[in-house]
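A.B. asks: No sequence on hand, only this structure:
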């Protein structure tokens with residue numbers, strides 16, 4: 001009696017489940033040219049704490065002061081984010097060169113320049129795009145200047161902010177504070193002269209803001225910056241929702257996190273663990289309130305959807321053993337391996353008479369080879 005045996009062919013290429021984005025600096029080690037008061041250590045700039053000057057690194061006032069991060073491996077670095085002191089000593093952060101590379105010549109300060117830090121607001125966080133520069137070392141150096149160098153946090157990512165150059169909308173708009181201001185790449189709060197860099201709704205119930213990424217992404221981190229002028233309650237207590245549905249303007253999609261803990265002008269990261277979605281909503285559900293967002297950044301990678309392919313094989317033998325099945329899979333693996341890489345074969349069911357052949361999307365992943 002002929003027996004029909006089904007096998008499943010699943011390429012590891014379509015099964016990406018790892019954590020998508022993380023601050024690479026947290027895994028590294030740091031050093032600097034000198035230590036201010038012997039307590040403002042280099043490691044303070046990669047301790048994961050952006051706020052509070054006691055958690056910053058700082059050098060003594062010397063020429064060519066520098067700080068260096070060793071990532072312990074070579075990465076394609078796309079984003080470096082730096083947080084300045086909040087007590088007015090902004091000159092200790094501005095005007096420094098960010099250098100990336102693999103050389104330790106001149107303590108790493110001869111590596112290629114990604115950017116030069118601009119003048120931040122007190123305690124503010126500024127993002128610099130490095131466009132995939134390769135390197136193990138990230139240096140921040142005050143070249144040609146006699147100065148302290150202070151860094152409250154240095155973050156390094158191998159992904160870029162997906163929100164930039166996308167589209168945003170919101171439930172209502174206060175004055176000229178449009179939704180697009182929250183994805184303009186400027187983290188600063190309202191300008192002292194009155195020019196807004198933030199999005200802002202009217203005070204209505206269920207205020208919301210929505211970002212359209214224009215494609216599906218596995219979103220690992222959403223970073224939000226609050227206003228710096230005293231209205232942080234307009235940012236706290238909002239739900240971050242991620243998904244592909246526009247039902248209820250996207251506000252029914254799954255929740256990643258609820259915003260909390262914002263101080264004036266501060267930036268907080270929320271981990272979303274690779275949630276899949278095209279839309280990122282920030283919504284204050286229920287109460288009548290404003291919603292203000294000075295910047296929303298989204299980090300992750302393009303979603304690669306899983307695909308399962310079922311194949312039907314017909315055998316003339318009426319005998320079937322586990323050893324024979326393993327042999328068949330091994331032979332198929334050898335043949336297919338010459339044209340397909342990174343895949344796994346497995347039997348889905350015991351032999352049966354019924355024939356079928358189909359392809360379907362979705363389904364659980366199996367460990368790839």
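C.D. replies: Structure received. Nothing here was measured: the structure is a model prediction, and the numbers come from that model.

A.B. asks: Walk me through the domains of the chain.
C.D. replies: According to automatic domain parsing, the chain comprises the domains 3-16+305-361, 24-157, 167-302.

A.B. asks: Now do the end-to-end distance for the second one.
C.D. replies: Counting by Cα to Cα, to the nearest Å, you get 6 Å between the two ends of domain 24-157.

A.B. asks: Does residue 297 touch residue 159 like I think?
C.D. replies: No: counting by Cβ atoms under 8 Å, residue 297 does not reach residue 159; the two are 10.4 Å apart. Where you see a C-beta, it was placed from the backbone N, CA and C, and this is true even at glycine.

A.B. asks: More neighbours: the two, which one.
C.D. replies: residue 297 (25 against 20; other Cβ atoms under 10 Å).

A.B. asks: Torsion angles phi and psi at that one?
C.D. replies: Main-chain dihedrals, residue 297, degrees, to the nearest 10: phi -120, psi 140.

A.B. asks: Contacts only, for it.
C.D. replies: 127, 161, 163, 221, 222, 223, 224 (Cβ atoms under 8 Å, 6 or more residues apart in numbering).

A.B. asks: how close does it get to residue 129?
C.D. replies: Between residue 297 and residue 129 the distance is 12 Å, computed by Cβ to Cβ, to the nearest Å.

A.B. asks: any common contacting residues for the two?
C.D. replies: Shared contacts of residue 297 and residue 129 (Cβ under 8 Å, 6+ apart): residue 161.

A.B. asks: Count the neighbours of residue 204 for me.
C.D. replies: 14.

A.B. asks: pLDDT at it, what is it?
C.D. replies: Residue 204 carries a pLDDT score of 93 in this model.

A.B. asks: surely it meets residue 171?
C.D. replies: Yes: using Cβ under 8 Å, residue 204 is in contact with residue 171, at 6.7 Å.

A.B. asks: Could you list the residues in contact with stretch 46-57?
C.D. replies: 23, 25-26, 28, 30, 32, 40-45, 67, 69, 83, 85-87, 123, 125, 149-154, 263, 266-267.

A.B. asks: Filter these down to just the buried residues.
C.D. replies: By neighbour count, with 16 or more other Cβ atoms under 10 Å, the contacts of stretch 46-57 hold 23, 25, 28, 30, 32, 40-42, 44-45, 67, 69, 83, 85-86, 123, 125, 149-154, 266-267 as buried.

A.B. asks: What about the residues you listed, which are in strands?
C.D. replies: 30, 32, 67, 69, 83, 125, 150, 151, 153, 154, 267 (DSSP state E).

A.B. asks: hang on, the earlier thing: just the buried residues out of the contacts of residue 297, in PyMOL syntax.
C.D. replies: To isolate the buried members of those in PyMOL, using 16+ other Cβ under 10 Å:
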select buried, resi 127+161+163+221+222+223+224
